[in-house]
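Trainee: model this:
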Amino acid sequence: MKLKKLLAPLLIVLLLAACKTSDKLALKLNYEKGKKYYYTSTSEQTTDQTFMGQSISNTSKTVTGYIYEIVDINADGNYVVKITYDKVESSRSKETAKSPLPDDFLKGFTFDMVVTPKGKVKEIKGMDKIMDKAMAAAMPDSTNDPAAQAAMQPVLDAVKKQYNDKNMGAMMEQMTNYFPEGDVEVGDTWDNTATLNMFISMKIASTYKVTDVKDNIVKMDVDSKITTGDGPGIMGMKMSVEGTQKGTMEIDSKTGLVVKSVTNQDMEGKVDMMGMSMPMKIKSTTTVEAKEMK
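Mentor: Take a look at the predicted model:
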């Protein structure tokens with residue numbers, strides 16, 4: 001009788017353990033065709049440079065809004081996404097640093113992206129049209145001047161070469177490629193390394209950690225180290241930087257979408273140009289939020 005009394009609680013514990021569901025999550029993109037999301041990205045940046053013994057400081061703020069539409073799921077199970085720029089608003093502390101492009105020149109422009117459920121960007125289409133418009137807007141007075149056009153052409157070619165579909169795909173992976181290989185739970189960590197090749201070759205080595213899961217929202221801490229190699233540069237100018245990037249992310253576990261992220265970046269480096277080296281420090285905070293459009 002005593003043995004039965006001892007075994008009964010043990011059996012209950014074993015049964016409960018067998019029935020217990022796993023707390024691990026299989027994080028991935030799980031888009032639904034036809035859904036639209038509105039992303040707002042707000043970036044605030046302070047840049048301190050030293051040029052010919054003079055210290056120059058500039059602060060800027062850029063707010064970008066774009067529509068993220070799931071237009072199809074192809075035969076390979078990858079998602080076809082159309083991204084449409086809705087607004088770009090910018091302000092700077094110094095007018096001399098103001099972009100020659102009007103804030104709204106991108107409004108209405110679209111490009112297409114094919115992305116896998118694990119967030120790898122397979123294809124980007126449409127950047128050539130955006131770059132053509134950007135170049136025309138940047139120098140409207142010189143487009144009909146053959147001499148000015150000839151002088152500017154090397155710059156235009158270099159810029160378009162960097163902002164091509166392939167390089168833009170690597171940039172877009174920053175907002176989709178953050179998933180682990182296997183299932184995870186609170187406390188788990190994993191690493192991911194991204195390489196960007198624009199005017200500089202930048203390597204971002206990140207460690208992600210799941211800190212909380214509640215109401216289908218997965219919260220994560222992100223800690224990254226940024227380094228640069230020998231980038232292609234442009235027109236004799238080269239930039240090298242290194243630093244850290246720390247922040248948080250909130251992911252909808254049902255769709256895999258980042259609904260909110262906050263990233264703090266702290267970098268130091270230099271710009272080499274015309275035989276001169278200009279030290280610089282860059283601090284920035286970028287906040288990205290997404291909401292489903294009805």
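Trainee: Surely Ile130 is in a strand?
Mentor: No - Ile130: not assigned to a strand; according to DSSP: H, G, I helix; E, B strand; the rest coil it is helix.
Trainee: Just the pLDDT at it, thanks.
Mentor: Confidence at Ile130, expressed as pLDDT, is 73.
Trainee: go on, Met273?
Mentor: 72.
Trainee: tally of neighbours for it?
Mentor: 16 (other Cβ atoms under 10 Å). All C-beta spots, glycine's among them, are computed from the backbone N, C-alpha and C.
Trainee: Please apply the same query to the one 5 residues further on.
Mentor: By the measure other Cβ under 10 Å, the count of residues near Met278 is 16.
Trainee: ok, it touching Gly53?
Mentor: No - if you go by Cβ atoms under 8 Å, Met278 and Gly53 don't touch, sitting 10.8 Å apart.
Trainee: which stretches of the stretch 1-150 of the chain form helices?
Mentor: Shown for the stretch 1-150 of the chain, the helices assigned by DSSP state H, counting those that start in this stretch span residues 2-19, 127-138, 146-162.
Trainee: Can you point out the buried residues in stretch 112-120?
Mentor: Asp112, Met113, Val114, Val115, Thr116, Pro117, Lys118, Gly119 (16 or more other Cβ atoms under 10 Å).
Trainee: Equivalent analysis for stretch 63-78, please.
Mentor: Val63, Thr64, Gly65, Tyr66, Tyr68, Glu69, Ile70, Asn78.
Trainee: Determine which residue lies closest to the centroid of the chain.
Mentor: In the chain, the centroid-proximal residue (Cα atoms, centre = their mean) is Gln174; its distance is 3.6 Å.
Trainee: Could you double-check that that one lies in contact with Ala194?
Mentor: Yes - between Gln174 and Ala194 there is a contact at 6.3 Å, judged by Cβ under 8 Å.
Trainee: Pass me the low-pLDDT residue ranges in this protein, would you?
Mentor: 1-22, 94-103, 134-145, 148-165, 198-199, 229-237 (pLDDT under 70).
Trainee: Now do the strands in it.
Mentor: 36-51, 54-73, 79-92, 110-115, 121-125, 189-197, 201-214, 217-228, 238-252, 258-273, 276-293 (DSSP state E).
Trainee: Quick one: those strands as JSON lines, columns for distance to Leu27 too.
Mentor: Converted to JSON lines, the strands of the chain look like this (distance: least, Cβ to Cβ, whole Å):
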{"stretch": "strand 36-51", "distance to Leu27": "18"}
{"stretch": "strand 54-73", "distance to Leu27": "18"}
{"stretch": "strand 79-92", "distance to Leu27": "15"}
{"stretch": "strand 110-115", "distance to Leu27": "14"}
{"stretch": "strand 121-125", "distance to Leu27": "17"}
{"stretch": "strand 189-197", "distance to Leu27": "10"}
{"stretch": "strand 201-214", "distance to Leu27": "9"}
{"stretch": "strand 217-228", "distance to Leu27": "7"}
{"stretch": "strand 238-252", "distance to Leu27": "7"}
{"stretch": "strand 258-273", "distance to Leu27": "11"}
{"stretch": "strand 276-293", "distance to Leu27": "16"}
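Trainee: Of the ones you listed, which is nearest Lys133?
Mentor: Smallest distance to Lys133 across the strands of the chain (Cβ to Cβ): 10.9 Å, for strand 79-92.
Trainee: before we move on, the earlier item: who touches both of Gln174 and Ala194?
Mentor: Ile204 (Cβ atoms under 8 Å, 6 or more residues apart in numbering).
Trainee: Spit out the contact partners of Gln174.
Mentor: Ala194, Ile204.
Trainee: So it versus Lys107, what's the distance?
Mentor: For Gln174, the distance to Lys107 equals 23 Å [Cβ to Cβ, to the nearest Å].
Trainee: cool, and Lys133?
Mentor: 11 Å.
Trainee: same question, Gly119
Mentor: Gly119 is 27 Å from Lys107, by Cβ to Cβ.
Trainee: And for Glu250?
Mentor: For Glu250 relative to Lys107 (Cβ to Cβ), the value is 28 Å.
Trainee: Please apply the same query to Gly126.
Mentor: 15 Å.
Trainee: can you check Thr285 too?
Mentor: For Thr285 relative to Lys107 (Cβ to Cβ), the value is 25 Å.
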